[in-house]
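Colleague: sequence and computational prediction follow.
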Amino acid sequence: MLNVTLIAVGNLKEGYLREACAEYEKRLGAFCRLEQIQIKETKLTEHPGAGEIAAALEAEGEKILEAMPPRAYRIALCVEGRQLSSEALAEKLGEIGTTHGAVALVIGSSYGLSPEVKSACDLRLSVSALTFPHQLMRVILLETLYRSLGILHGTKYHK
């Protein structure tokens, strides 16, 4: 069974987002072992400058890199990443299951991920050309994982 670690910066503040994540976490139990790790978001001033943002991303990045499982295939979610269909992601997850047995997926803060985290990852993935709040992205990613693993296991969820 695939080990999946979801590393995300920031807390889920809204109850409906926590409920949605809990539902997909429950569903994913049939296909993988899921661990979710929340990294504390660095507090910034109201109008942060580029230097302040870079320092925050670096601090968050150090915590992200510490949290990554050592032998996992690492995927950074970022706007400049590759877009894959659900079927292509399912195929990729199948390959990862065979070659690594574990995958770590990383969602950054609203300012993204540090260059160090992106460089440490094996794949940069973009879920969409659209922009989503990073808290909502956690729900979207869990649904995407559920759909792709369902495809891999031949369920009827994906039509």
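Modeller: Sure thing, it's come through. Since we're looking at a predicted model, the values are computed, not measured.

Colleague: mind listing what's buried in the helix or strand containing residue 144?
Modeller: Applying DSSP states H and E as the criterion places residue 144 in helix 134-152. Judged by neighbour count using 16 or more other Cβ atoms under 10 Å, the buried positions of helix 134-152 are 134-135, 137-152. For glycine as for every other residue, the C-beta is placed from the backbone atoms N, C-alpha and C.

Colleague: what do you get for stretch 43-57?
Modeller: If you call a residue buried by 16+ other Cβ under 10 Å, then stretch 43-57 has these buried ones: 53, 56-57.

Colleague: the strand ranked longest in the chain pairs with which strands?
Modeller: Longest strand of the chain, by residue count under DSSP state E: strand 73-82. In the sheet, strand 73-82 lines up against strand 102-107 (parallel), strand 123-125 (parallel) (DSSP bridges).

Colleague: in TSV: the ones you listed, plus mean neighbour count, mean pLDDT and distance to residue 75.
Modeller: Listed next are the strands paired with strand 73-82 as TSV, based on neighbours: other Cβ atoms under 10 Å; pLDDT from 0 to 100; distance: least, Cβ to Cβ, whole Å:
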stretch	mean neighbour count	mean pLDDT	distance to residue 75
strand 102-107	24	97	5
strand 123-125	18	98	5
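
Colleague: nearest to residue 22, of those?
Modeller: Of all those, strand 102-107 sits nearest to residue 22, with 16.8 Å by Cβ to Cβ.

Colleague: give me the contacts around the closest one.
Modeller: The contact list for strand 102-107 (Cβ atoms under 8 Å, 6 or more residues apart in numbering) reads 2-9, 64, 68-69, 71-77, 93, 96, 113, 117, 121, 125, 134, 137-138, 141, 145.

Colleague: repeat that for stretch 44-54.
Modeller: By Cβ under 8 Å, 6+ apart, stretch 44-54 touches 56, 111, 114.

Colleague: the last one reaches residue 60, doesn't it?
Modeller: Right, residue 114. Yes: with contact defined as Cβ atoms under 8 Å, residue 114 reaches residue 60; the gap is 6.8 Å.
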